[in-house]
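In: Would you be able to build a 3D model of this:
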Amino acid sequence: MMNAPSPLAEQALEHSRRGDFDQALAVAKRALAEQPADFGLTLFVGLLHARRMELDDAEAQFRAAAALSPADPVPRLELARLLIGLNRLDEAEELLRSTPLQGLQPKRLAALIHLRRTQHAPAAKLFEEIVGADPRDFESWGNLGICRFGMGDPQGAVDALARAISLRPDQPRFHEKWAEAQIAAGTGEEGLRSALAQASARPADPLIRVTAARLQDLLGRPEQALQSLEDALRIGPACVPALLALAKLHERQNRIDEFADLVERIGATGEPIAELPLLQARLAFRRGEFERALQLAADAPATVDPGSRALLVGQIHDRLGNAAQAFAAFSEMNRDTGLAPDIVAERAQSYRERIDRHTRLLTAQWLRDWRPAAVNDEIRDPVFLVGFPRSGTTLLDTFLMGHPELIITEERPMLDTVLRRLGGYERIAELDDDGIAELRQLYFREADVYAPDRGERLLVDKQPFAMNEAALIHRLFPNARLLFVERHPCDAVLSNFITRFEPNPALANFVTLEAAARLYDQMMTLWTKSRDLLPLRVHEVRYERLVAGAESEMQALIQFLGLDWNAALLDNRATAQERGFINTPSYSQVVEPLYKRAAGRWERYREQMEPVLPILTPWAQRMGYEV
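Out: Numbers count the residues shown, from 1 in each chain. From the prediction side, this is the model:
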């Protein structure tokens, strides 16, 4: 039985009710020093420590409270929740198993353990039972949405997360996941319209503007996202989710001074913000303070965005030359996809099977069976910048942006839109004059959306995976020039493995080295066959030559495009700084001086790459690289 609260305990409770948790903790500790055996005070101090993210102190207090009142379930439940937060899942599971507890809370914690282990199906089953018994449990609705997202059911995720948000609109984690689920469900534009309408209807709510910003960013409109976040901060200058999102956008924009100012501003809020140590670590890394960055990253909670934390730890160890530690961190990063592992594997395999089907279809006989057709308009065909991802396409497009007669679109879905309208790769053979004209018009209408100021400039469509669509490109754009960027296969595959991507069917192949190597083999097989059978106009750019001596490589390329030389092409750093947002994982590298550290990087990881060398060595030798 709890004792009547002492005057100091009453003061602590009053501070807590007012939201002054620092003072509440200070006073509660004084009260506990006077009454060390007080169960209620001990538990209260533990809860205050947990709120301040002082998790070791919180654990000690919860254990002490459990010892003071062995029959009371509350400290054990709080301890189990804390252990889950620390990712000590076996301990949490054992605690729940060894202490029979009644009610929904033990079931919630068991579901959370499943969720943390990415066991989405059993977690979803438990959360469904919980919300069936308690339809107003916003947290379980939100976690059910996260489970459904992980199971590859984005629309089910949208529905559950929307229910959570309707019950508790102040939960930024569920807002962010709702936005991601809308994109995955293909309803991102609808979601954005809804968010903007809610923002209009709730002029004093900054959080809905953060949600709109997330959707705008995911839809490829980071400049609009910036505006939404600035609007949010005008309404609520201390809105932590807006500050966090804006800091991340500024870092991606390579505006490091603004990023640093926001990190300092977030720290000055005095709130226990779990994401702050990771932001501080990222800032130290961008400043070249690698040892400090590593310590800060180690101090960041492992369960707060674990994939980003593992990515940063891997990047730091890579820069410090610690290959084994870096590889282990990148492997951990690739396990944090937000999806069940079998879903990721199925997506990756489905994409590779699609490439295999195209490769089998592409034969000399199939080409002879194409229906005679011609291009009858006067529109100049675009240039396609292709290559296996992470082979240097972003570096090259940054160079090209320095030429006044070129305009570059960066991984925009013009060809994807055309493919959807076409209705199947095999239908390329059926196209007639009208079909080609329709698809060309569709392509250029889409291009005008993403490059509205194109004018008379030559369009360069940078889309690495378009190397898989050479047959379609040739059919629609017979005069198109293709710039193919090549890089040592081992470096290209490794670079994808150590990069964090959203696991769509193509990029899901990069969560394991084996899948990445197999994808390389299949894409290069299709590309080589395309070049053998189709009269493609291709110019090869080698990444290693580009970083070793950009001028000669760029002069040959510009001559291939039939353009006059312009010395501004060589100032890639100035061009990159002027670009603002760079919508690829290379955003932070292209603003640096040209460096050679990534050329031959794979040699440091030779031990880890041994299993895939039999796949990659034939391609390396064919391209003249040593293995």
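
In: Only C-alpha atoms from now on, for both contacts and neighbour counts.
Out: Noted.

In: neighbours of Arg360, just the number please.
Out: A count of nearby residues for Arg360, using other CA atoms under 10 Å, gives 10.

In: What segments of the stretch 401-550 of the chain are strands?
Out: The residue ranges that make up the strands of the stretch 401-550 of the chain, judged by DSSP state E, counting those that start in this stretch, are 406-410, 458-462, 481-486, 537-542.

In: In the sheet, which strands lie alongside the last one, parallel or antiparallel?
Out: With DSSP bridges as the criterion, the sheet partners recorded for strand 537-542 are strand 481-486 (parallel).

In: tilt between the partner strand and strand 458-462?
Out: Counting by axes from the mean of the first three to the mean of the last three CA atoms, to 10 degrees, strand 481-486 points 30 degrees away from the direction of strand 458-462.

In: So what touches strand 481-486?
Out: Counting contacts by CA atoms under 8 Å, 6 or more residues apart in numbering, the residues outside strand 481-486 that touch it are 382-388, 391-393, 536-543, 561.

In: Kindly recompute the last result at 10 Å.
Out: Under the contact criterion CA atoms under 10 Å, 6 or more residues apart in numbering, strand 481-486 has outside partners 381-394, 396, 460-462, 464, 466-467, 470, 473-474, 492, 536-544, 546, 557, 560-561, 623.

In: Narrow those residues to those that are buried.
Out: When the contacts of strand 481-486 are checked for burial by 16 or more other CA atoms under 10 Å, the buried set is 381-394, 396, 460-462, 464, 466-467, 470, 473-474, 492, 536, 538-539, 541-544, 546, 557.

In: What is the neighbour count of the closest residue to Leu68 other than its chain neighbours?
Out: Here the nearest residue to Leu68 in space, its sequence neighbours aside, is Phe39; by CA to CA, 6 or more residues apart in numbering that works out to 5.9 Å. Phe39 sits with 23 neighbouring residues when counted by other CA under 10 Å.

In: swap in Asp305?
Out: Once other CA under 10 Å is used to define contacts, Asp305 is seen to have 15 neighbours.

In: Find me the pLDDT at the nearest residue to it once chain neighbours are set aside, would you?
Out: Of all residues beyond its chain neighbours, the one nearest Asp305 is Glu275 (8.0 Å), with distances taken as CA to CA, 6+ apart. What the model reports for Glu275 is a pLDDT of 92.

In: same question, Tyr595
Out: Each residue has a pLDDT score; the one for Tyr595 is 51.

In: what do you get for Leu476?
Out: With respect to pLDDT, Leu476 has a value of 97.

In: what about it, neighbour count?
Out: The burial metric for Leu476, expressed as a neighbour count using other CA under 10 Å, is 24.

In: Tell me who's in contact with the residue nearest to it when sequence neighbours are not counted.
Out: What sits nearest to Leu476 in space, not counting adjacent residues and going by CA to CA, 6+ apart, is Ile436, at 5.9 Å. In this structure, Ile436 makes contact with Ala373, Ala374, Val375, Asn376, Leu422, Ile428, Glu430, Leu442, Arg475, Leu476, Phe477, judged by CA under 10 Å, 6+ apart.

In: one step back: kindly reformat the strands of the stretch 401-550 of the chain as JSON lines containing mean pLDDT.
Out: Output for the strands of the stretch 401-550 of the chain, formatted as JSON lines (pLDDT from 0 to 100):
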{"stretch": "strand 406-410", "mean pLDDT": "95"}
{"stretch": "strand 458-462", "mean pLDDT": "97"}
{"stretch": "strand 481-486", "mean pLDDT": "98"}
{"stretch": "strand 537-542", "mean pLDDT": "97"}
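
In: Make TSV out of those and add distance to Asn254.
Out: Conversion of those to TSV gives the following (distance: least, CA to CA, whole Å):
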stretch	distance to Asn254
strand 406-410	17
strand 458-462	21
strand 481-486	25
strand 537-542	26
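
In: wait, which of the ones you listed is closest to Glu78?
Out: strand 406-410 (48.2 Å; CA to CA).

In: Next, give phi and psi for the residue nearest to Arg286 when sequence neighbours are not counted.
Out: The shortest distance from Arg286 to any residue that is not its chain neighbour, by CA to CA, 6+ apart, is 7.7 Å, and that residue is Ile256. Ile256 has phi and psi values of phi -70, psi -30 when expressed as degrees, to the nearest 10.

In: next one: the one 5 residues further on
Out: Backbone torsions for Asp261, taken as degrees, to the nearest 10, come to phi -60, psi -40.

In: what about it, neighbour count?
Out: Here the neighbour count serves as a burial measure; for Asp261 (other CA under 10 Å) it reads 12.

In: If you rank every helix and strand of this structure by mean pLDDT, what lands last?
Out: helix 572-579 (a mean of 62; mean pLDDT, DSSP states H and E).

In: State the distance from the closest residue to Gln171 other than its chain neighbours to Ser140.
Out: Across the structure, with CA to CA, 6+ apart as the measure, the residue nearest Gln171 apart from its sequence neighbours is Ile165 (7.0 Å). According to CA to CA, to the nearest Å, Ile165 and Ser140 sit 11 Å apart.

In: More neighbours: those two, which one.
Out: Relative neighbour count places Ser140 above the other of Ile165 and Ser140, with 25 against 20, counting by other CA under 10 Å.

In: What's the mean pLDDT across the host helix or strand of the more buried one?
Out: Secondary structure here is read from DSSP states H and E; on that basis Ser140 sits in helix 138-150. Mean pLDDT, taken over the full extent of helix 138-150, equals 96.

In: Can you name every helix or strand that that helix contacts?
Out: Here helix 138-150 touches helix 104-116, helix 120-133, helix 154-167, helix 172-184, helix 341-361, going by 3 or more CA pairs under 10 Å, 6 or more residues apart in numbering; DSSP states H and E.

In: try it again with 7 Å
Out: Packing contacts for helix 138-150, counted by 3 or more CA pairs under 7 Å, 6 or more residues apart in numbering; DSSP states H and E, involve helix 120-133, helix 154-167.

In: Can you spell out which helices and strands pack onto the first one?
Out: With contacts defined as 3+ CA pairs under 7 Å, 6+ apart, the secondary structure elements packing on helix 120-133 are helix 104-116, helix 138-150.

In: Report the buried residues of the first one.
Out: So the one you mean is helix 104-116. For helix 104-116, burial by neighbour count (16+ other CA under 10 Å) applies to Leu104, Pro106, Lys107, Arg108, Leu109, Ala110, Ala111, Leu112, Ile113, His114, Leu115.

In: thinking again about what came up before, going by neighbour count, which residues of the helix holding Ser140 are buried?
Out: 138-150.

In: Run through the stretch 101-250 of the chain and note the low-pLDDT ranges.
Out: Judged against pLDDT under 70, the stretch 101-250 of the chain has no low-scoring part.
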